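Next input, structure requested:
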Amino acid sequence: SPSAFAAPSGYAAAAPSAFAYQVVRTPVTAAMQAHRHAVPSPVSPVTYYPTATPVSKLRRSVAPLPAPKPCYLTELTDGPYLTLAGLLDVKSLCAADATCRRLRDLNDEQIGPWRAIGARNYEGLELQEDGTFEPDESDGAKQPAAVWNEQRKVRRVHWKGRFRRFRERMFTFAAPFGTDTIKDVDQPDEVAYFRCHLCTDVLSKPDARGIYLEVEVGMNPDNLSMAVVDFESGGCSSITFSPDTGAVIRERKVRESPRKVEGAYIQPLPTLPPGERFHGQLGLYLAGGQVAFFRRKIHGGNPNARGQTPGPWESTGFVSDLTWAAGRRLTPCLAFRSEGAYHVRIVPRLETVPPLAPEAWAIKGNNPSDELGWSVLDWEAEPGDETTVEL
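Modelled structure (predicted):
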């Protein structure tokens, strides 16, 4: 046993288990050689002496065998991962973000999937107070080059947060309503504007996708209309669809006081029965630089009959192009003729195709009086007369 041996001269006594032991062989003499030939010895006599190096240090000096390097998904960040992540939908991207911080940071990069899916979903749309999903840098580029380059270096966009903001606010009404549902209208001739704007310069391209917006009308005590206006671009024109009369009217305000309006109207859909208020769904579709409206009414006009099957979809067809609009930004809105209790909700769903394929309406020229089926509707108010035109 090693404990039977004392520590050699120059070493302090220590527990045998704390040291490694050195094997020292005893020199073999001639007598031992002679004895070995007579009686074979299995092992030469040995003596154990503790070394000065602790076992723990000896263990550290031995390099372990390298373990096989695992292949992580995050190691594909130079291109393959971003390509794969670009194929995920919103729900799958959220699940990937919850996996680990590394994937969450990769998905939120400037070239990451959150920016790509937001730019794709909200192409041709602007959000009030936020602009387009990808911020327009043309205004900043007008600054001195040194200032602009420095701002671009420190600028950081949280793309997932921006996507969430667009998704939550895109289908809501602007102030003073601020929600996706209108339940009360306090004054007559109230107008509720959407928070989203339609970018005509993008949506008018031949290869651009269409945009379809829809509202549900559950309670309607009087009359409401769906319209698109160019007021945000400094214009004074609009195109309006009345679901009660089935008519579309286009107007341009020439003078404020006394008011003078130039316009035209057309009636592609039939009028509702006398005394019946519209309840159902209203839709607006803009594609290829043309506008179409849709309606789907509940027969009998019962706003509480949610289980009742609505009627078929009806479409005005592409009744007009966008030559009447000024600028590059159009705003959808709802116009309420009377105050009262309403229940109107924007459907929180962005579609690129309408529920019913609209038929093209023949358009001959830019002048409304030259267009097939349109009738001129110009009027001028007398001084002090604030009467408005109704269809």
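
where in the stretch 251-391 of the chain is pLDDT low?
Within the stretch 251-391 of the chain, the ranges that satisfy pLDDT under 70 run 300-307, 360-372, 381-391.

which residues sit against stretch 338-352?
121-122, 125, 170-173, 180-188, 190, 192, 194, 209-224, 281, 303, 334, 336 (C-beta atoms under 8 Å, 6 or more residues apart in numbering). Glycine gets a C-beta too; all of them are placed from N, C-alpha and C.

in stretch 322-336, what counts as buried?
Neighbour-count burial for stretch 322-336, counted by 16 or more other C-beta atoms under 10 Å, picks out 322, 324-326, 328-336.

State the pair within the residues you listed that is farthest apart.
R328 and F336 (27.8 Å; C-beta to C-beta).

how much space between the nearest residue to P355 once chain neighbours are set aside and V228?
Nearest residue to P355 in three dimensions, chain neighbours excluded: W313, at 5.1 Å (C-beta to C-beta, 6 or more residues apart in numbering). Separation of W313 from V228 (C-beta to C-beta, to the nearest Å) stands at 19 Å.

If you count surrounding residues, which of these two has more?
More crowded of W313 and V228, by other C-beta atoms under 10 Å: V228, with 26 against 16.

Surely that one is in contact with V291?
Yes: between V228 and V291 a contact is recorded at 6.6 Å, counting by C-beta atoms under 8 Å.

Now list whatever residues contact both of these two.
Common neighbours of V228 and V291 are listed as 239, 284 (criterion: C-beta under 8 Å, 6+ apart).

re the thing from before, would you agree the residue nearest to P355 is in contact with K297?
No: with contacts defined as C-beta under 8 Å, W313 does not count as touching K297, sitting 9.8 Å away.

For the helix or strand where C94 lies, C-alpha coordinates in CSV please.
For C94, the host element (DSSP states H and E) is helix 90-97. Below are the C-alpha coordinates for helix 90-97, written out as CSV (Å, rounded to 0.1, in the frame of the first residue of the first chain):
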residue,chain,number,x,y,z
VAL,A,90,-47.2,35.8,-38.8
LYS,A,91,-48.1,33.1,-36.3
SER,A,92,-45.0,31.0,-37.2
LEU,A,93,-42.8,34.0,-36.9
CYS,A,94,-44.1,34.7,-33.4
ALA,A,95,-43.4,31.1,-32.4
ALA,A,96,-39.8,31.4,-33.7
ASP,A,97,-39.3,34.6,-31.7
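
The helix or strand following it - contacts with which helices or strands?
Using DSSP H and E, the helix or strand that follows helix 90-97 in sequence is helix 101-107. Under the contact criterion of 3 or more C-beta pairs under 8 Å, 6 or more residues apart in numbering; DSSP states H and E, helix 101-107 touches helix 80-85, helix 90-97.

what comes up buried for the helix or strand that comes right after helix 101-107?
Following helix 101-107 in sequence order, the next helix or strand is helix 113-121 (DSSP H and E). By 16+ other C-beta under 10 Å, the buried positions in helix 113-121 come out as 113-115, 117-118, 121.

could you say what helices and strands helix 113-121 packs with?
For helix 113-121, the packing partners by 3+ C-beta pairs under 8 Å, 6+ apart come out as helix 90-97, helix 159-169.

any idea which of these is most buried?
When these are scored by mean count of other C-beta atoms under 10 Å, the highest mean neighbour count falls to helix 159-169 (a mean of 17).

what sits up against that one?
90, 97, 107-110, 112, 114-115, 117-118, 122, 127-128, 130, 133, 195.

Specify the angle between that helix and helix 113-121 in degrees.
Relative orientation of helix 159-169 versus helix 113-121 (axes from the mean of the first three to the mean of the last three C-alpha atoms, to 10 degrees): 40 degrees.

Okay, angle between helix 159-169 and helix 90-97 too, please.
Using the same axes, to 10 degrees: helix 159-169 against helix 90-97 is 150 degrees.

continuing past helix 159-169, what's the next helix or strand?
strand 181-185.

now that next one: mean pLDDT?
Averaged across strand 181-185, pLDDT comes to 94.

if we can go back for a sec, I'd like the helices and strands packed on helix 113-121 as JSON lines, with mean pLDDT and distance to G246 appended.
As requested, those are exported to JSON lines (pLDDT from 0 to 100; distance: least, C-beta to C-beta, whole Å):
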{"stretch": "helix 90-97", "mean pLDDT": "92", "distance to G246": "37"}
{"stretch": "helix 159-169", "mean pLDDT": "94", "distance to G246": "32"}
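
Out of these, flag the one nearest S242.
helix 159-169 (28.0 Å).

In TSV, list the buried residues of helix 113-121 along with pLDDT.
Shown next, in TSV, are the buried residues of helix 113-121 (pLDDT from 0 to 100):
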residue	pLDDT
P113	92
W114	94
R115	93
I117	93
G118	93
N121	92
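
With distance to F166 added, can I get the residues you listed in CSV?
Converted to CSV, the buried residues of helix 113-121 look like this (distance: C-beta to C-beta, whole Å):
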residue, distance to F166
P113, 15
W114, 11
R115, 12
I117, 11
G118, 7
N121, 8
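
In which helix or strand does G275 reside?
Assessed by DSSP H and E, G275 sits outside every helix and strand.

and the gap between it and L356?
Separation of G275 from L356 (C-beta to C-beta): 27 Å.

between these two, which one's more packed in?
In this view G275 and L356 are compared by other C-beta under 10 Å, and L356 has more residues nearby, 15 against 6.

Looks to me like the more buried one is in a helix.
No: L356 is assigned coil when assessed by DSSP: H, G, I helix; E, B strand; the rest coil, not a helix.

contacting residues for it?
Counting by C-beta under 8 Å, 6+ apart, L356 touches 294, 313-315.

Within its sheet, name the partner strands of the one helix or strand V191 maps to and how each one runs.
If you go by DSSP H and E, V191 is part of strand 190-193. According to DSSP bridges, strand 190-193 has the following sheet partners: strand 329-336 (antiparallel).
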